[in-house]
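> Sequence plus the predicted model coming up.
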Amino acid sequence: MIKKSLTVFFFSCLLLSTVNAQWTNEGAFPDTTVKGGTHGIAVDPDGKVWVSSYYQDVPWVVAEGDTVMTAGILVFNADGTEADFSPITHFLIDGGFTVDTLDGACRGLEADENGNIVYVQSGPNTARKINYQTGEQMASHLTTEHGSSPTGAGISDDGTIFIGPVVGGAGTAIAMYDTDLNYLGNAVDGPQNISRVLEVSPDGNTIYWHVFTGPINTVVYQRADEFSSYDSVGVILEGLSVESSEWNPATGNLWVSNDVRGPDSTKTHLTWYEV
């Protein structure tokens with residue numbers, strides 16, 4: 001039954017991915033001055049756009065004449081103006097006596113089931129949950145369980161957070177965390193090759209592991225229900241070099257990117273495909 005379902009899904013992927021939806025270029029958001037090594041982008045329920053770079057390129061003025069660079073988070077309102085609490089460069093914790101600085105490299109941003117933002121960074125490997133209305137840190141966790149530099153997060157509708165290893169193999173895992181970033185266990189042990197991002201179905205029972213090197217494809221891990229284990233049930237999107245993906249909340253379809261490294265000659269460079 002699983003193989004049959006996967007075959008139908010794979011055929012649907014082939015069919016839909018050949019249809020290149022026509023997007024209209026409406027210009028740079030918020031303007032052409034905002035650019036850099038973007039590694040995370042998310043939209044919250046208020047329509048605010050959250051962006052963060054892999055590079056430490058946002059200054060934090062610690063004191064007069066003393067500035068450090070951080071991988072800060074820029075937050076823009078839907079009209080392109082910057083939110084009151086942007087940029088986010090650090091958090092005051094423990095009653096304001098301790099400073100928690102965004103001193104790593106962003107690996108991804110994702111809105112959770114309540115619209116709050118899950119920010120994942122490397123160096124040190126950390127996941128943080130940020131209140132989308134105030135910009136305040138709600139939870140943080142030093143993520144060592146995935147065994148490598150982290151991918152961006154995938155989040156199911158019940159709030160379970162999935163984070164994988166950029167470099168997979170022995171000793172690594174796609175790890176699961178609850179909505180407060182407490183470690184729950186491993187979904188998949190030893191996913192192979194290198195990935196930038198993973199995606200999770202809304203019910204949390206299917207993981208799409210986008211393989212960026214080696215046999216470039218997307219490995220599908222599936223379980224029957226929340227009480228069952230995940231098994232690899234096959235691959236889809238063979239030949240697409242996927243570095244970013246996102247569910248379309250209006251249609252339920254998945255958008256995936258492709259770049260020049262993808263060996264599928266029928267797919268073009270810097271193009272998004274709807275699956």
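That came in fine, so what should we check first?
> ranges for the helices of the stretch 1-150 of the chain?
Secondary structure of the stretch 1-150 of the chain, counting by DSSP state H, counting those that start in this stretch: helices at 2-17.
> okay, and for it, where does confidence drop off?
1-21 (pLDDT under 70).
> Let's see that with 50 instead.
1-19 (pLDDT under 50).
> Show me what the most centrally placed residue in the chain is bridged to.
Per Cα atoms, centre = their mean, the C-alpha nearest to the average position across the chain is that of Gly152, at 3.3 Å. Following DSSP bridges, Gly152 is listed with bridge partners Val197.
> so what's Pro87 up against?
The contact partners of Pro87, by Cβ atoms under 8 Å, 6 or more residues apart in numbering, come to Val58, Gly72, Ile73, Leu74, Val75. Heads up, the C-betas are built off the backbone N, CA and C, glycines and all.
> got those residues as TSV, with neighbour count and distance to Ala139 columns?
Supplementary listing: the contacts of Pro87 in TSV, determined by neighbours: other Cβ atoms under 10 Å; distance: Cβ to Cβ, whole Å:
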residue	neighbour count	distance to Ala139
Val58	20	22
Gly72	22	19
Ile73	26	16
Leu74	19	21
Val75	23	18
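> Need these in a markdown table (columns: distance to Val118).
Shown next, in a markdown table, are the contacts of Pro87 (distance: Cβ to Cβ, whole Å):
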| residue | distance to Val118 |
| --- | --- |
| Val58 | 19 |
| Gly72 | 16 |
| Ile73 | 12 |
| Leu74 | 17 |
| Val75 | 14 |
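> which one of the residues you listed is nearest Glu199?
Nearest to Glu199 among the contacts of Pro87 is Ile73, at 21.5 Å by Cβ to Cβ.
> Look up how far Asn186 lies from the nearest residue to the closest one once chain neighbours are set aside.
Take Ile73 and drop its neighbours on the chain: the residue closest to it by Cβ to Cβ, 6 or more residues apart in numbering is Ile88, 4.2 Å away. With the distance defined as Cβ to Cβ, to the nearest Å, Ile88 ends up 30 Å from Asn186.
> neighbour count winner among the two?
Ile88 (24 against 17; other Cβ atoms under 10 Å).
> where's the more buried one relative to Val58, distance?
9 Å.
> Overlap of the contact sets of the two?
Common contacts of Ile88 and Val58, defined by Cβ under 8 Å, 6+ apart, comprise Gly72, Ile73, Leu102.
> ok, Trp272 - contacts?
Trp272 makes contact with Trp23, Trp255, Val256, Ser257, Asn258, according to Cβ under 8 Å, 6+ apart.
> And for Asp203?
Residues in contact with Asp203 (Cβ under 8 Å, 6+ apart) are Ser156, Asp157.
> what do you get for Thr179?
With contact taken as Cβ under 8 Å, 6+ apart, Thr179 is in contact with Asp112, Glu113, Asn114, Lys129, Gly159, Thr160, Ile161.
> Of these, which is the most crowded?
Going by other Cβ under 10 Å, Ile161 tops those with 28 neighbours.
> pretty sure it is in contact with Glu113, am I right?
No. At 9.9 Å, Ile161 and Glu113 do not qualify as touching, with contact defined as Cβ atoms under 8 Å.
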